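Engineer: kindly return the folded structure for what I paste below:
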Amino acid sequence: MEVLKWAEDVNRRLERMLGFIAPFERRVVHLIISQSQTNGFPEAVCAAQIEHGRLVQRCHLHEYGRLDRETAEESLCRLLLEAYVLEEARKNGGTRQAGWWPCARAPIQVPIWLSEGLAQNLYPHLRARNYETVMLRWQSGRVPTAAEIIRCKPLGPDGAVAPQEERAVRGVFVGWLLALTNSQDCFRAIFQQLAATNAVSPEWLGGIISGDRSAAELDAGWDRWVLRQKRMVRVPGTVPRTLLQQLDAELLLYPGVSGIPEGARIVRPMKLKDLIAERKAPWVRAWALERIGRLRLLAVGRGQRFGSTVEAYCRFLEALSAGARRAKLEKLLVAAEKQRLVLRVEVEEASLFGDRVPDWD
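Structural biologist: All right, here's what the predicted structure looks like:
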């Protein structure tokens, strides 16, 4: 019953994302569960065939007690998407007679980027994690082009699972398609194309999205989308590792930038503790007030824990701008650094354990 509730929830979420109801006419879906077996290993395998004029789809969950939930969700999404494609093939066949399914040709092949990408958008915690992963890849120049994502090979018969970073990239890519103003038309066109040709090319998808049948234009649209995500708050109150990296960057000073003079006694980059020795310099007050505004803007929508850490640094900068004594400044900075260290530990622990979801719950 727990697995059944999970499958119904996945189908309901998929329907809501795509904007249309899954076709179940003359179609049956079986969930087959296996417990621990000798030499068994966790995997999710889908199969389909025609039985007595009906399409019968089976999702085998082997070793489901140890099966990775995301792997199971991707397999179930692939099974559900196959029915969308078959429905479009039946419509285009020009017949609705009972018991007829367009299975005379090769089996439907739903591309891995589509099934896995949609599965990675089922739940908010997956979307937040994936956007954080892609932002980290983007900063190091390791985000693949849209054409590279679409041309990836499907999963092999051995049930191999894509690495987490590949899952994240596919999830964010499909998230882009879901955010399009013509998203519903786009996905319906994808299903029709798969029904007709069993393939979606970057050039074809570019024509659907922007009217420009060019892989380069599709890549440019994908790049613009990734770039826009850099400053978006995915889940209010969350603190991803990328946000801590932005905070780290805001706490560094670069001589020659933002009114900070270059000098023999000034190292590059400066840290906040270096400001204490420079507290009487004429440029310090203006810089401190400007940095307070930037830090508070960074904390908007990020919850109490991150906000309190930012405010601790703001108290230090306010005292610095007011010309406070060295002892007070040192005390305020130590308190702020201690809060940032505790927050960093919490975020690192959450990245390891906080995204886990109880099996089938």
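Engineer: where along this structure do the helices fall?
Structural biologist: 2-18, 69-92, 112-119, 124-139, 146-150, 164-179, 183-197, 202-210, 215-228, 241-250, 272-277, 284-298, 303-321, 326-349 (DSSP state H).
Engineer: list the helices and strands the first one packs on?
Structural biologist: Same thing as helix 2-18. When contacts are defined as 3 or more C-beta pairs under 8 Å, 6 or more residues apart in numbering; DSSP states H and E, helix 2-18 sits against strand 27-33, helix 69-92, helix 112-119. All C-beta atoms are positioned from the backbone trio N, CA, C, and that covers glycine.
Engineer: before we move on, back to that, now distance to Phe24 and mean pLDDT too, for the helices of the chain, in JSON lines please.
Structural biologist: Compiled in JSON lines, the helices of the chain are given as follows (distance: least, C-beta to C-beta, whole Å; pLDDT from 0 to 100):
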{"stretch": "helix 2-18", "distance to Phe24": "9", "mean pLDDT": "88"}
{"stretch": "helix 69-92", "distance to Phe24": "8", "mean pLDDT": "86"}
{"stretch": "helix 112-119", "distance to Phe24": "18", "mean pLDDT": "94"}
{"stretch": "helix 124-139", "distance to Phe24": "26", "mean pLDDT": "81"}
{"stretch": "helix 146-150", "distance to Phe24": "29", "mean pLDDT": "91"}
{"stretch": "helix 164-179", "distance to Phe24": "23", "mean pLDDT": "91"}
{"stretch": "helix 183-197", "distance to Phe24": "16", "mean pLDDT": "92"}
{"stretch": "helix 202-210", "distance to Phe24": "27", "mean pLDDT": "91"}
{"stretch": "helix 215-228", "distance to Phe24": "33", "mean pLDDT": "86"}
{"stretch": "helix 241-250", "distance to Phe24": "41", "mean pLDDT": "80"}
{"stretch": "helix 272-277", "distance to Phe24": "61", "mean pLDDT": "89"}
{"stretch": "helix 284-298", "distance to Phe24": "48", "mean pLDDT": "86"}
{"stretch": "helix 303-321", "distance to Phe24": "41", "mean pLDDT": "91"}
{"stretch": "helix 326-349", "distance to Phe24": "43", "mean pLDDT": "89"}
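Engineer: name the stretch among the helices and strands packed on helix 2-18 that sits most buried.
Structural biologist: Of all these, helix 112-119 carries the top mean neighbour count, a mean of 25, counting by mean count of other C-beta atoms under 10 Å.
Engineer: give me the contact list for it.
Structural biologist: With C-beta atoms under 8 Å, 6 or more residues apart in numbering as the test, helix 112-119 has contacts from 14, 17-18, 70, 73-74, 76-78, 81, 149-150, 152-155, 162, 167, 170-171, 173-175, 177, 190, 200.
Engineer: are any of the residues you listed buried, and which?
Structural biologist: Among these, those buried by neighbour count (16 or more other C-beta atoms under 10 Å) are 14, 17-18, 70, 73-74, 76-78, 81, 149-150, 152, 155, 162, 167, 170-171, 173-175, 177, 190, 200.
Engineer: count of neighbours near Leu180?
Structural biologist: Close neighbours of Leu180, defined as other C-beta atoms under 10 Å, add up to 16.
Engineer: what sits against it?
Structural biologist: 186, 209.
Engineer: and Glu330, how far is that from Ala324?
Structural biologist: Counting by C-beta to C-beta, to the nearest Å, the gap from Glu330 to Ala324 is 10 Å.
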